[in-house]
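> missing the sequence, but the structure's below:
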């Protein structure tokens, strides 16, 4: 009986660990994020040979608060926006389900990101974008890169990061 309990406990621990790694749910981190930490766990993405990253949310400790050196540019984040935001929804033509007759705001050009930077940062940090049910999981590393880019925009504008 004890061996069976140990096996079940081990199976549950593995399952919970996997669910935390691939989910975007809040683990009680408050306004600046949920669970998860960076790292790839050694898995490799067959398409480009780079680690795929960890799908999940930032924590207060891992949410960028300044522009890094070297700075993150639009060229760094453009592919992330294209695959995670523009392709599925924020292309300027997808109907807004909450506002009939209008479209979701586009995130195609740098100016779009600048215009919506406060909303983008908040939605990435609280892990509500991309929405978990959209089928477009975002890695912690991509979330961090976008927020670093936004911090660099603020630095350029003479605003506090």
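Thanks, I have the structure now. Small disclaimer: the values here were computed from a predicted structure and weren't measured. Numbers count the residues shown, from 1 in each chain.

> show the average pLDDT along stretch 96-115.
Regarding stretch 96-115, the rounded mean pLDDT is 94.

> oh sorry, the question was meant for stretch 125-137
So the average pLDDT for stretch 125-137 ends up being 91.

> so which bits of it are buried?
For stretch 125-137, a neighbour-count test (16 or more other Cβ atoms under 10 Å) marks 125-127, 129-130, 137 as buried. All C-beta atoms are positioned from the backbone trio N, CA, C, and that covers glycine.

> ok, so of these, who is nearest residue 89?
residue 130 (7.7 Å; Cβ to Cβ).

> list the residues that contact that closest one.
84-85, 88-89, 136-138 (Cβ atoms under 8 Å, 6 or more residues apart in numbering).

> list phi and psi for residue 103.
With angles defined as degrees, to the nearest 10, residue 103 sits at phi -110, psi 160.

> what's the neighbour count on residue 91?
15 (other Cβ atoms under 10 Å).

> what does residue 81 give?
Neighbours of residue 81 (other Cβ under 10 Å): 23.

> before we move on, the earlier item: now, of the contacts of residue 130, which are buried?
So, by 16+ other Cβ under 10 Å, the buried ones in the contacts of residue 130 are 84-85, 89, 137-138.

> okay, helices next: where are they in this structure?
Ranges of helices in the chain, per DSSP state H, are 2-22, 74-81, 110-115, 117-125, 140-156.

> and residue 103, how far from residue 89?
Taking Cβ to Cβ, to the nearest Å as the measure, residue 103 and residue 89 are separated by 9 Å.

> scratch that, residue 135
Look at residue 135 and residue 89: by Cβ to Cβ, they are 11 Å apart.

> same question, residue 98
Counting by Cβ to Cβ, the gap from residue 98 to residue 89 is 12 Å.

> go on, residue 97?
For residue 97 relative to residue 89 (Cβ to Cβ), the value is 10 Å.

> repeat that for residue 54.
For residue 54, the distance to residue 89 - Cβ to Cβ - is 23 Å.

> before we move on, what about residue 142?
Residue 142 is 16 Å from residue 89, by Cβ to Cβ.

> low-confidence regions, this protein specifically.
The model of the chain has pLDDT under 70 over residues 1-52, 155-161.

> could you redo the last one with a cut-off of 90?
1-53, 59-62, 88, 132-135, 154-161 (pLDDT under 90).
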